[in-house]
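**Student:** Provided below are the primary sequence and the corresponding predicted coordinates.
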Amino acid sequence: MMRRWAKILGRALAAAAWLVAAPAIAQDSAASDTVKTDNVSARLVSERIALVPGETAWLALHLTIRPGWHTYWLNPGDAGEKTEIAWTLPPGFAAGAIQWPAPQRLLEPANIAIYGYTGTATHLVAVSVPADARPGETVTLAAEARWLVCEKICLPEEGKFRLTLPVQASGSVAPVEGRWADIFDSARAALPKPSPWPATFALSGKTLTLRVEGAALDSARIESMEFFPNEPGSITPAARQSVRHDAKGFTLTLEAASRAGTLKAFAGVLVVKERLDSGTVTQAFALAAMPGAAQAAEGSLSLGLALLMALAGGIILNLMPCVFPVLSMKALSFAAHGGGGRMGRHGLAYATGVLALFAAIGAALIAFKGMGAEIGWGFQLQEPVFVMLMAYLMFVIGLNFSGLFEIGGAFSGLGGKLAGREGLSGSFFTGALAAVVATPCTAPFMAAAVGYAVAQPAPAAMAVVLALGLGMALPFVALSYSPALLRRLPKPGPWMERFRQFLAFPMYATAAWLAWVLSLQAGDGALLAALAGAILIAFGLWAWSAARNAAPRGRRIAAAFAVLALAGAGALVVWAERGTPARDTAAADARWAAFDPAKLEALRREGRPVFVNFTAAWCVTCIVNEKIVLKNDAVWAAIKKKGIVAMKADWTRRDPAITRALAALGRSGVPVYALYPPGAGTPALLPQILTESIVLTEFAAFPDRPAGQRAGQ
Amino acid sequence: MLKLLTTAMVAVAFAAPTVSGPAFAAGPDLGKPAPDFAAVDTNGKPVRLSDLKGKLVVLEWSNHQCPYVRKHYGAGNMQKTQGLAQAMGVTWITIISSAPGEQGHVNAAEANKLTVERGAKPSTVVLDPEGRIGRLYAARVTPHMFIIGTDGTLLYKGGIDSIRSSRQSDIAQAKNYVVSALGELKAGKQIADADTIAYGCTIHYKDGS
């Protein structure tokens, strides 16, 4: 009830503000008269109070829309119509197209959605002034604008505008001040910026996937992501858009509409809401995706077909290089038993083990999703610790197959006593283990299958994950129930030992692959740690194996060695995790020095101001600031002129030195732009959203550095 | 070797097609049977789509207060299109899906009065205040147009013409998709623009149904 009244009150206030807004502004030389229709109050405004021959003048059609009503974007969505401006200009003048601010999506009943604006909408237009315009003359720019404004019902409205401006010789023409200047500022801020990332799209049935590369964003900080296509009829505006992040970028899954098949390119605006220390920031990017095939991972299949696919996928898992050896040994142990009715129970126990593990993974996936994380199957593999532990596990299984050591107990099905008796629990654990060892080999494979599951409601997601597990267990269950199949397996014999030794090599290969993945994630230091850890493990297991056969005294020494070596391998995991990945040096900008706290202090003592750009590859706002502001020539000219040292603190991977520097500034996240004055003064913090003028104003506080001293920057 | 292994795995990954959620509310597909519906028209006569087999059927969603509907009725464009359809023996069903209390909602008497006032020539007018037929066809706007073939398959869905505006003066330049589709059907040709973008006002459906 309270909320409802608050809403009504809020609306009433907004309505009152709307009523008084326009008339309160006095006659203004850079703005047309206000056109007031039933639902919109509109003006045509110029950014500057005069026109300069040969230059571009920026004008804006500014609409103040009645509360609860909306006007439309370039692509109006399911209904409605975009705002249009027809110009009547003196000879030689030319008006460009409307620069559309990023729209909002407004949902209506019955699965209808439109793209448009509420509150205010500013339509920027560039007008080119001919070089032969004569200074001293006045020029009238006339426009006839039409807009459709809707609440529940729609009304086409229109207005005629005239703007009379003097022509002034080049030089300094003052911009308009106050309210109108603010309108131009916020209109520019709302324009989509060119996307810093390449994109491709693919159509498959009723699914249109938009793949954005090179934007490994921090999904936990992305509040929402939404794509608005320029072309009507390309996607269903009301349909949910799901995002999947991975190490190399992200994929948006959209519902294709009737005209998606005719798209040559898929252009539109991507609106990203990112959580920063200072609150949520909205960025809009203009994106033009080219057709691409590789990412057409999602087709439009029913749940039934998805389950079938998952089942088939699960069966294929058995052939994966890391799974196949484990299963072969298990199968041979069955053969040694000679089959029979009891074997069926083992097959079921094995299947239960596989399914239990898959269920656990499915539950984790659903739980993470419930917590709002946008994750895919590969999420575990993004953690270097997990990758390294899996590499160790593969290596250990390989060593076991090679005969370096034997395991007793529950895992006996894995190792030595092939023909020996084993309990049902042994079969259960073999199943679980097979599912565990399957994960690294299959992450890329499952990413596609589980990608579907993640986008589904919990029961469907779980069903797909379990179908995958069932598929994996199926060949084994079939084997255990069919004496005919079992009889076809080769007879046990000494050859089995050699076969087992051979199967160690796929395990080593998998371990090597994981080590390579690790080196990409955490750098060559981590690779070295993994290799050293592998040697320690081999040594530890050998010592342990030796201890079993030694006299009591020797046994203690060997056991101590084993424990030490294994502990060392564990410590290396922790150490490797803190490594940094090899940075893309080609993309690095040599003008930025790497962040170094000691160097920072030294420079300040020398009397140099230092500008530190705390950034990360996964932070949208950071990238936008760099692309739009920090790479500008004007900024670098000022840096040079003032003798400022520019440092970049790249926090893409956790870095304790940078974390401490951020904490010292009272921040816990990026972006942070800190300007350290010479000496020991408090650093100035720039806003998290930069503009060129903000940066230049801050830099202007320092005296120019004498020209002779600039070179050594 | 490692690269080979990775490549092989990635290849397997993409060889397995996966899937997306069920498409929802996308409406009927072209070339498939149009959803059947039964209703009582504004003169109390029953109308059932499946009874109209053997005839071409045009469905027109309307809301007489919508600026886009007014554009086409105001300029006589919709009446002209209806006349042309009538001459071809087409059954033209005008459907009004506005919910009670919403713009465009009318009762049977008002609907019949509107037909006379506007000089409209539909074969029949059907009221759909619950939005059942509208949702069945995923009709989004007024005017939204559908053409159903003599065998009951959907042949055309989309707008009345090609220029998305509420200006009557644009009608002359626009391509009237319904007129050209009917012409092509008459000539035994394929419909060139069978799937177009419908523009107009959103249909004011009853909430939540």
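**Tutor:** Nice, thanks for sending it over. Numbering: from 1, shown residues only, chains lettered A, B, ... in the order given.

**Student:** Please make it C-alpha for all contacts and neighbour counts, starting now.
**Tutor:** Fine.

**Student:** got the residue ranges for the strands in chain B?
**Tutor:** B:18-19, B:38-40, B:46-48, B:57-61, B:91-96, B:124-127, B:141-142, B:145-148, B:154-158, B:201-202 (DSSP state E).

**Student:** how many other residues sit next to residue 190?
**Tutor:** Here I'm looking at chain A. Neighbours of A:Ala190 under the rule other Cα atoms under 10 Å in any protein chain shown: 19.

**Student:** my bad, chain B
**Tutor:** 11.

**Student:** Just give the nearest non-adjacent residue to it, would you?
**Tutor:** Distances taken as Cα to Cα, 6 or more residues apart in numbering or on different chains put B:Glu184 closest to B:Gln190, at 6.4 Å, once the chain neighbours are dropped.

**Student:** circling back to that earlier point, compare the strands of chain B and say which comes out lowest on pLDDT.
**Tutor:** Least confident of the strands of chain B, judged by mean pLDDT, is strand B:18-19 with a mean of 30.

**Student:** how about the residues of the stretch 51-200 of chain A near chain B?
**Tutor:** A:78-81, A:109-112, A:152-156 (Cα under 8 Å from any Cα of the partner chain).

**Student:** By neighbours, which of those residues wins?
**Tutor:** Neighbour counts for these peak at A:Gly80, which has 30 neighbours (criterion: other Cα under 10 Å).

**Student:** On the three-state scheme, that one is what?
**Tutor:** coil (DSSP: H, G, I helix; E, B strand; the rest coil).

**Student:** Quick check: phi and psi on it?
**Tutor:** When read as degrees, to the nearest 10, the backbone of A:Gly80 gives phi 80, psi -170.

**Student:** Next: B:Pro100.
**Tutor:** phi -50, psi 140.

**Student:** wait, what's in contact with it?
**Tutor:** For B:Pro100, the contacting residues are B:Val106, B:Pro129, B:Lys206, by Cα atoms under 8 Å, 6 or more residues apart in numbering or on different chains.

**Student:** buried ones in stretch A:197-204?
**Tutor:** Across stretch A:197-204, burial judged by 16 or more other Cα atoms under 10 Å in any protein chain shown covers A:Ala199, A:Thr200, A:Phe201, A:Ala202, A:Leu203, A:Ser204.

**Student:** So, low pLDDT: which residues of the stretch 151-300 of chain A?
**Tutor:** A:171-178, A:216, A:293-300 (pLDDT under 70).

**Student:** Kindly state the domain boundaries assigned to chain A.
**Tutor:** What automatic domain parsing lists as the domains of chain A is A:2-191, A:194-291, A:303-577, A:587-709.

**Student:** Low-confidence bits of chain B, can you list those?
**Tutor:** B:1-26, B:208-209.

**Student:** returning to what we had before: now tabulate the buried residues of stretch A:197-204 in a markdown table and tack on secondary structure.
**Tutor:** Below are those laid out as a markdown table (three-state DSSP):
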| residue | secondary structure |
| --- | --- |
| A:Ala199 | strand |
| A:Thr200 | strand |
| A:Phe201 | strand |
| A:Ala202 | strand |
| A:Leu203 | strand |
| A:Ser204 | strand |
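
**Student:** Of all pairs in those, which one is the farthest apart?
**Tutor:** A:Ala199 and A:Ser204 (16.7 Å; Cα to Cα).

**Student:** Could you list the buried residues of stretch B:197-209?
**Tutor:** For stretch B:197-209, by 16+ other Cα under 10 Å, it's B:Ile197, B:Ala198, B:Tyr199, B:Gly200, B:Cys201, B:Thr202, B:Ile203, B:His204, B:Tyr205, B:Lys206.

**Student:** Isn't the last one up against B:Glu130?
**Tutor:** Yes. With contact defined as Cα atoms under 8 Å, B:Lys206 and B:Glu130 form a contacting pair (6.0 Å).

**Student:** overlap in contacts of these two?
**Tutor:** Residues touching both B:Lys206 and B:Glu130 (Cα under 8 Å, 6+ apart) are B:Ala99.

**Student:** Enumerate every residue touching the most centrally placed residue in chain B.
**Tutor:** Closest residue to the average C-alpha location of chain B: B:Met145 at 2.9 Å, with Cα atoms, centre = their mean. By Cα under 8 Å, 6+ apart, B:Met145 lies in contact with B:Val58, B:Leu59, B:Glu60, B:Trp61, B:Tyr156, B:Lys157, B:Gly158, B:Gly159, B:Ile160, B:Val178, B:Ala198.

**Student:** which of these count as buried?
**Tutor:** B:Val58, B:Leu59, B:Glu60, B:Trp61, B:Tyr156, B:Lys157, B:Gly158, B:Gly159, B:Ile160, B:Val178, B:Ala198.

**Student:** Give me the phi and psi for the closest residue to the last one other than its chain neighbours.
**Tutor:** Nearest-residue entry for B:Ala198: B:Gly159, 3.6 Å, with adjacent residues in sequence omitted and distances by Cα to Cα, 6+ apart. Recorded main-chain torsions at B:Gly159 are phi -90, psi 170, according to degrees, to the nearest 10.

**Student:** From A:Ala121, how far out is B:Gly159?
**Tutor:** 28 Å (Cα to Cα, to the nearest Å).

**Student:** again with B:Val106
**Tutor:** Separation of B:Val106 from A:Ala121 (Cα to Cα) stands at 35 Å.

**Student:** between these two, who's got more neighbours?
**Tutor:** A:Ala121 (26 against 21).

**Student:** If the closest residue to B:Lys157 other than its chain neighbours is in a bridge, with which residues?
**Tutor:** In space, and not counting its chain neighbours, B:Lys157 is closest to B:Phe146: 4.5 Å by Cα to Cα, 6+ apart. On the basis of DSSP bridges, B:Phe146 takes part in beta bridges with B:Leu59, B:Lys157.

**Student:** how much space between the nearest residue to B:Gln79 once chain neighbours are set aside and A:Met309?
**Tutor:** Using Cα to Cα, 6+ apart and skipping residues adjacent in sequence, the residue nearest B:Gln79 is B:Ala120, 5.1 Å away. Distance, B:Ala120 to A:Met309, by Cα to Cα: 54 Å.

**Student:** and those two? which has more neighbours close in?
**Tutor:** Shown here are B:Ala120 and A:Met309; by other Cα under 10 Å, A:Met309 has more neighbours (22 against 19).

**Student:** Check whether the helix or strand where the more buried one lies comes near chain B.
**Tutor:** According to DSSP states H and E, A:Met309 maps onto helix A:303-317. Yes. Counting by Cα under 8 Å from any Cα, chain B is contacted by helix A:303-317 at A:Leu303, A:Ala306, A:Met309, A:Gly313.
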